[in-house]
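Q: Got a sequence here, can you model it:
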Amino acid sequence: MDGLKNNIHWQTTFLHNRWASVWANLGIQNPLLPSLFRAIVSAYTHSGRYYHTLHHLCDLFAVLDPYRHQLEHPLAVDLAVFYHDIIYSTYRKDNEERSAEYAEQQLALLGCSPDLVTLVSELIRATKRHQALHSTNDFYYFLDADLSILAAPSDTYKQYTKDIRQEYNLVPNWLYKQGRAKVLRIFVERQRIYYTNDMQQRFDAMARKNMLDELVMLEAD
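A: Prediction:
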């Protein structure tokens, strides 16, 4: 338990520093910033979350940072990372839309430009089907980073599948397996899983192996 607390403390500190950096670079000072960050931490540390946690946000930043110079609007991508899973309920199918709307409200309160608010919202909405709404590196790298977990080492991927199952723990096993297999097949059947050439080369083969292995397990159980 102490290790978990320390880990969450590190994640919170890292993300807080990132949050502060975004607003400093945008030139926005607002007394609401601390409370809005606490709301983010509260959402991603909710007891029902096992994968869509602060760790997930840290992982996305780690994947994206080497490509930061390729982004047209890196601060918008940062904000999309913070807010893309802020609303997450396994009982609903509109989490992405609700997360985007939540982000729009919060960013408007802070005085962000309409163009920034729109871009962040569109980036979040694109995660519903992981299809870029615009042909830009902001969408390509953000969506690729969100799918990088598919190419994790085997043990990490297996833990990811367990964490996702935990988030759907009230869903009957037969129904979960049916839905999970459907999602996996959508990605496996894509000619390319990743938009960017670098991530396609780095991740595609392992992602396909992981998903095909999981499909075998889902069908065998």
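Q: For this structure, just list every one of the helices.
A: Here the chain has its helices, by DSSP state H, at 2-26, 33-44, 54-64, 74-83, 95-109, 114-126, 137-146, 154-167, 173-188, 197-220.
Q: Out of these, which is closest to S89?
A: helix 95-109 (6.3 Å; CB to CB). Where C-beta positions appear, they are placed from N, C-alpha and C, glycine not excepted.
Q: Not counting sequence-adjacent ones, nearest residue to the residue positioned nearest the centre of the chain?
A: Geometric centre of the chain, nearest residue: D146, 4.8 Å, by CA atoms, centre = their mean. Spatial nearest neighbour of D146, excluding adjacent residues (CB to CB, 6 or more residues apart in numbering): T127 at 5.9 Å.
Q: need the contact list for that neighbour.
A: Neighbour list for T127: H84, E96, L143, D146 [criterion: CB atoms under 8 Å, 6 or more residues apart in numbering].
Q: May I see the domains of this structure written out as residue ranges?
A: Recorded structural domains for the chain (assignment: automatic domain parsing) are 2-146, 150-220.
Q: so which of those is the most packed in?
A: domain 2-146 (a mean of 17; mean count of other CB atoms under 10 Å).
Q: excluding its backbone neighbours, what's nearest M199?
A: Per CB to CB, 6+ apart, closest to M199 is D144, 4.3 Å.
Q: hang on, isn't that neighbour packed against R202?
A: No: in this structure, D144 is not within contact of R202 by CB atoms under 8 Å, at 9.6 Å.
Q: coming back round to it: reformat the contacts of T127 as a markdown table; add pLDDT.
A: Below are the contacts of T127 laid out as a markdown table (pLDDT from 0 to 100):
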| residue | pLDDT |
| --- | --- |
| H84 | 98 |
| E96 | 98 |
| L143 | 98 |
| D146 | 98 |
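Q: Can you pick out the most distant pair from those residues?
A: E96 and L143 (11.9 Å).
Q: So what's the gap between stretch 181-193 and the chain middle?
A: Between the centre of stretch 181-193 and the centre of its chain there are 18 Å (CA atoms, centre = their mean, to the nearest Å).
Q: what residues does it touch?
A: 130, 147, 150, 200, 203-204, 207-208, 211-212, 214-215, 218-219.
Q: Now with 10 Å, please.
A: 129-130, 144, 147, 150-151, 161, 164, 199-200, 203-205, 207-208, 210-212, 214-215, 218-219 (CB atoms under 10 Å, 6 or more residues apart in numbering).
Q: on that earlier part again, please enumerate the shared neighbours of E96 and L143.
A: With CB under 10 Å, 6+ apart as the test, E96 and L143 both reach A126, T127, R129.
Q: Looking at those residues, which one is closest to L32?
A: Distances from L32 to the shared contacts of E96 and L143, taken by CB to CB, are shortest for T127, at 25.2 Å.
Q: ok, the closest one to S35 distance?
A: 25 Å (CB to CB, to the nearest Å).
Q: just C112 next, same as before
A: 16 Å.
Q: can you check N169 too?
A: Taking CB to CB, one finds N169 at 31 Å from S35.
Q: How about the contacts made by the closest residue to I40 other than its chain neighbours?
A: Once flanking residues are discounted, I40 sits nearest to F82: 5.7 Å by CB to CB, 6+ apart. By CB under 10 Å, 6+ apart, F82 lies in contact with 15, 18-19, 22, 36-37, 40, 43-44, 57, 60-61, 103, 106, 120, 124.
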